[in-house]
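Q: model the structure of this input:
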Amino acid sequence: MTRLPELYACVYVRELPAQALLRLRPELQDKPCVVLEGEPPSESVCALNTRARLRGLRHGMTKVEVETFENVMVLQRSPKTEAAVRTILLECAGAFSPRIEDRSIDGLFVCVLDAAGTEGLFGPPLMLAKQIRQRLRSVGIVGSVTISANVHTAVCLARGLSGGVPARVVPRGEEAKALAPLPVKVLGITEAQDETFRTWGIRSVAAVAALPERSLISRLGQDAKRLLQLAHGKHPHLLQPIDVPFVLEEQAELDSPLDELESLLFGLSTMLEQLIVRTRSRVLALASVTITLRLDGGGSHERTVNPRVPTNEKKLWLKLLQLDLEGHPPNASILGVHLHAEPGATSKVQLGLFSPQLPEAGRLDVTLAKITAIVGEGNAGMAVLDDTRRAGDFHIEPFSITTAEPPSAAAASPMCLRLLRPAERTRIEIHRGQPCAVYFRSRCYIVERVYGPWLKGGDWWNESIWGNEQWDVIGKTTDSATLACRLSHDFILKDWRVAGLYD
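A: Okay, the predicted model is just below:
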């Protein structure tokens, strides 16, 4: 076996604090925005978008200086949001290679992935770079991608790319040529080294590469050898891959307390869209969504929505969340929103030629949610008999859509017992210990078939008296009217009743 030639792709995202806050707020995309960090009154700009940069705002400006500009949106830095977005970006990179390394620093996302052998899946390197950028755009992030046979060359080239060059591929063997026109800062030099190079009049990587090795090491130390290797595109690197968990989470902090549900749903729409994009990229669907609202006063409000079938329909999820929150509203103003979703396999039900038509899963979920809002939680579903012999002992279970085989001809028309609530009192004639005539609703039915009796009254492990027996009888009147019913006889009260009618 021959070893594949090395090939690395660097994903470089600038202004991560600003992009992390703006990706879920489309209403701010066309406005100049800056992100402040630090304690008042010494807050300063740590990130900004392109429109703010074009207005003249820069990193390090104080809040007072920012306020001199008109119509500038000021946001506070959120480390939790940045951490969540960084995980999403690593997940996007992991979709193209199982070997990725996180090299992020404060305010920048830098990820290197091993792209050797991916040509068969994603095409040539330039096509791979475009697909990575497209995946980043799908999650609301703008970044640049560089590809090279040397890891450090890809990283240094990404640092020096301008906004108009979102992707670049360095041909093998031309690393030094690609790095030559870039400023010396792309090599990751320290402030002391930068001052030294400025004193010498060295401004570009090409000038660093032209310096003699021994003389440079004697003046800057052993780190000078690393800088020369970086300038020539030959500095070695051992990739240290990490495992990226697939966690479907989105969170957003609100600028002011929110009380209206409609405004909350507007923000949830964007968050759900991001969750759906991520699940769809893995050929999965959302199986459940848990929304946690951070409330004013320090409390929280958590609700979970579980449809019958995993789905990626955003309108359906919004409707289900709306109905659930309307039935269980928070008791205080909302300060933050967190969504956590569980993935599930996409459901494709193949019906048989003679199978009955199943209800549409989405409409069934919405209908049940509307019914639940009226009758209350736990009161909408299907009745399931408990494993006891107590009269009328059952519980409610959620409806489920199954793909069972169609019933056979023998079981196509089973008898159904409709219980009478309350059971109707009747008069019975007994012959040889069995009912022989039933007087029900002013008519007399002569019993033709009788089944029973069955003792009934409680659970078998209960020591209470079994004071009830039941009979199933079929009777007819003189004009051939048929009665199929269940009789209940109370030993203690000596009372006969018709407990139910068979259809």
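Q: quickly run through the sheet partners of the lengthiest strand in the chain, with directions.
A: Secondary structure of the chain per DSSP state E: the longest strand is strand 443-456. Partners of strand 443-456 in the sheet, by DSSP bridges, are strand 434-440 (antiparallel), strand 468-476 (antiparallel).
Q: neighbours around residue 171, how many?
A: Residue 171 has 12 neighbours, counted by other Cβ atoms under 10 Å. To be clear about C-beta, it is placed using only N, CA and C from the backbone, and glycine gets the same treatment.
Q: skip the chain neighbours and tell me the closest residue to residue 240.
A: In this structure, residue 240 finds its nearest non-sequential neighbour in residue 101, 5.3 Å apart by Cβ to Cβ, 6 or more residues apart in numbering.
Q: mind listing what that neighbour touches?
A: Applying Cβ atoms under 8 Å, 6 or more residues apart in numbering to residue 101 gives the contacts 111, 112, 113, 239, 240, 241, 242.
Q: the same query, at a cut-off of 7 Å, please.
A: 112, 239, 240, 241, 242 (Cβ atoms under 7 Å, 6 or more residues apart in numbering).
Q: for those residues, which one is nearest residue 308?
A: residue 242 (37.0 Å; Cβ to Cβ).
Q: surely the closest one is in contact with residue 103?
A: No - using Cβ atoms under 7 Å, residue 242 is not in contact with residue 103; the gap is 10.6 Å.
Q: which one of these two has more residues nearby?
A: Each of residue 242 and residue 103 has its neighbours counted (other Cβ under 10 Å); residue 103 has more, 16 against 11.
Q: that one reaches residue 112, doesn't it?
A: Yes - Residue 103 lies in contact with residue 112 (Cβ under 7 Å); the separation is 6.0 Å.
Q: common neighbours of the two, please.
A: Residues touching both residue 103 and residue 112 by Cβ under 7 Å, 6+ apart: residue 155.
Q: identify the contacts common to residue 242 and residue 103.
A: By Cβ under 7 Å, 6+ apart, no residue touches both residue 242 and residue 103.
Q: contact partners for residue 291?
A: Per Cβ under 7 Å, 6+ apart, neighbours of residue 291: 303, 321, 337, 339.
Q: dump the residue contacts of the nearest residue to residue 143 once chain neighbours are set aside.
A: Distance criterion Cβ to Cβ, 6+ apart; nearest residue to residue 143, sequence neighbours excluded, is residue 13 at 3.9 Å. Contacts for residue 13 (Cβ under 7 Å, 6+ apart) come out as 19, 89, 108, 109, 141, 143.
Q: what is the neighbour count of the third one?
A: Read it as residue 108. 16.
Q: next one: the second one
A: A total of 25 residues lie near residue 89 under the criterion other Cβ under 10 Å.
Q: could you find the closest non-adjacent residue to it?
A: Setting aside the residues directly before and after it, residue 89 is nearest to residue 109 in space (Cβ to Cβ, 6+ apart), at 5.5 Å.
Q: now the spatially most central residue of the chain: closest residue in space that isn't a chain neighbour?
A: Geometric centre of the chain, nearest residue: residue 341, 3.2 Å, by Cα atoms, centre = their mean. Nearest non-adjacent residue to residue 341, counting by Cβ to Cβ, 6+ apart: residue 248, 4.0 Å away.
Q: what's the burial count for that neighbour?
A: By the criterion of other Cβ under 10 Å, residue 248 has 21 neighbours.
Q: wait, isn't it in contact with residue 344?
A: No - look at residue 248 against residue 344 with Cβ under 7 Å: they stay out of range, at 10.8 Å.
Q: alpha carbons of the helix or strand hosting residue 320, in PDB - could you do that?
A: Assessed by DSSP states H and E, residue 320 sits inside helix 314-327. What follows is helix 314-327, C-alpha atoms only, in PDB (Å, rounded to 0.1, in the frame of the first residue of the first chain):
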ATOM      1  CA  LYS A 314     -40.400  23.800  10.000                       C
ATOM      2  CA  LYS A 315     -44.100  25.000   9.800                       C
ATOM      3  CA  LEU A 316     -45.200  21.800  11.700                       C
ATOM      4  CA  TRP A 317     -42.600  22.300  14.500                       C
ATOM      5  CA  LEU A 318     -43.500  26.000  14.800                       C
ATOM      6  CA  LYS A 319     -47.200  25.100  15.100                       C
ATOM      7  CA  LEU A 320     -46.600  22.400  17.700                       C
ATOM      8  CA  LEU A 321     -44.400  24.700  19.800                       C
ATOM      9  CA  GLN A 322     -47.000  27.500  19.500                       C
ATOM     10  CA  LEU A 323     -49.800  25.200  20.700                       C
ATOM     11  CA  ASP A 324     -47.700  23.800  23.500                       C
ATOM     12  CA  LEU A 325     -46.600  27.200  24.800                       C
ATOM     13  CA  GLU A 326     -50.100  28.600  24.500                       C
ATOM     14  CA  GLY A 327     -51.300  25.800  26.800                       C
END
